[in-house]
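Q: Let me see the structure of the following:
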Amino acid sequence: MALNDNDEILAVKAAELYYEAGKTQDEIGLALSVSRWKVGRLLVAAREHGFVRIEIVHPSARRFSLERELCGFYDLTDAVVVPSIDSDSDVQARVAQAAADYLTTLRPVPRTLGVSWGRTLHAVAARLRPGWAVGVNPVQINGSVSSTRQATAAADTAVVIARKAQGTATLLPSPAIFEQAATRRAIEADRSVQSVLELARNASAYLFSAGVVDTSSVHVDSGYLTPDDVRSLAEKGAVGDVVGRFITEDGQVADEELNNRTLGISLDELRAARTSIAVIAGQTKHRVAHAVVSSGLCTALITDEATANHLLGRTEQQTTELPDLEQLSRQNEGVS
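A: Model (predicted):
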C-alpha cells in the first residue's frame, strides 16, 4: 500500500493504538475518524513499511525456526527440535519423549511400522502411552539376536510398541552381523526370514536411530563387534551406523565386507522410503546426524537444539547467526 504523508501519520498512530494501547480496530477507527476497513489497511501498511517490528521472544520460537531451517536446507518433510539445556542424559530422554509424541500424531497412522533397535528406540518405546494408536504392527528391519541378554539388544522395542498400539510385532529371528557373508546369504534365503524382510521392505514408515563408532557402540555391547573392530571402522572413515550398517560422512557404506555380513534392509531401501523418522541426539552423534540428513536417509528428524545448530553450521557461540549455506552446500554437493 502506497502512503502519502497523511496516511503515514495515520499508520503510525493506528499501530501505536493497536500494539501499545491494545485498542480494537473499531476503537481506533473512532479515534482517528476512519473506517474499520481503513484501520486494517493502515496496520498492514505499518508492517510493510517497517514502522512495526514484531519479535517472538518465547524460547520455543527459536526451536520452531530451527525446525523450519532444517526442513528447508536438508529437504526434510518434518523436524522436531527439543531444548539442549540439561545434561546429555536429560536431552536423550527429552528427545525420546518427543519421538514418542511424534509417532502419536503421525498421519496417516502407519499400519506397518519398520523399526530398528538400540538404546534410543528402547527409550522411545518405553515412553509411548498405552493406546497411542490402534492396529500398528511393528516389524524389525534388521537382525537383533545377540550374544547378550540386554533389553536394548533384543526384540523388546518392537514388542513394546505393538503391545501399546494393540498390534502384532513381527520379529527378525537373526543376528544383525554374521561371521561370514555366506552364512548371512544362507540365512537370508530361509523362507521365514525372507517373509519378514519382505514385510519390512513394504512398511508404511520407518523408525530408527544412529549409533556411534567407539567402544560404547551397542554392537560392542551386543557382542557383534570388538573394540578393535570399531577402531578399524573409524580408520576407514565411519562416523556411525544406521540399521546396523556403518556409514561415512557422505552416507555411504564404510566397509563393504562388514556390510555384506549384515542382515536387514539396505541403506538405499531406507532412502527410498516415503516416511523414515530418525531419532538422533547428543554431541557424540553430531557427525552421524549430518551423514544421515545430508544423504537422504530420513524424511523426518527428531533431535536436540545443539545438534540442530551443528547441522546448520553454527557453533555454540553462533547460535543466533545464520548458517553459512554456501559452505554447507559444498559439503553436501553430490550427495543424494
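
Q: In contact with Ala46, which residues?
A: Ala46 is in contact with Ala11, Val12, Ala14, Ala15, Val52, counting by Cβ atoms under 8 Å, 6 or more residues apart in numbering. Just so you know, the C-beta spots here come from the backbone N, C-alpha and C atoms, and that holds for glycine as well.

Q: how close does the last one get to Asn4?
A: Relative to Asn4, Val52 is positioned 19 Å away (criterion: Cβ to Cβ, to the nearest Å).

Q: same thing with Phe178?
A: 79 Å.

Q: One more: Ala158?
A: For Ala158, the distance to Asn4 - Cβ to Cβ - is 68 Å.

Q: With neighbour numbers in mind, choose between those two.
A: Ala158 (29 against 8; other Cβ atoms under 10 Å).

Q: if I pick the more buried one, what's in contact with it?
A: Val115, Trp117, Pro138, Val139, Gln140, Ala169, Thr170, Leu171.

Q: In JSON lines: the residues you listed, plus pLDDT, distance to Leu258 and secondary structure.
A: JSON lines is the format used below for the contacts of Ala158 (pLDDT from 0 to 100; distance: Cβ to Cβ, whole Å; DSSP: H, G, I helix; E, B strand; the rest coil):
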{"residue": "Val115", "pLDDT": "95", "distance to Leu258": "22", "secondary structure": "strand"}
{"residue": "Trp117", "pLDDT": "86", "distance to Leu258": "18", "secondary structure": "coil"}
{"residue": "Pro138", "pLDDT": "95", "distance to Leu258": "26", "secondary structure": "strand"}
{"residue": "Val139", "pLDDT": "94", "distance to Leu258": "24", "secondary structure": "strand"}
{"residue": "Gln140", "pLDDT": "94", "distance to Leu258": "20", "secondary structure": "strand"}
{"residue": "Ala169", "pLDDT": "93", "distance to Leu258": "27", "secondary structure": "coil"}
{"residue": "Thr170", "pLDDT": "93", "distance to Leu258": "26", "secondary structure": "strand"}
{"residue": "Leu171", "pLDDT": "91", "distance to Leu258": "23", "secondary structure": "coil"}
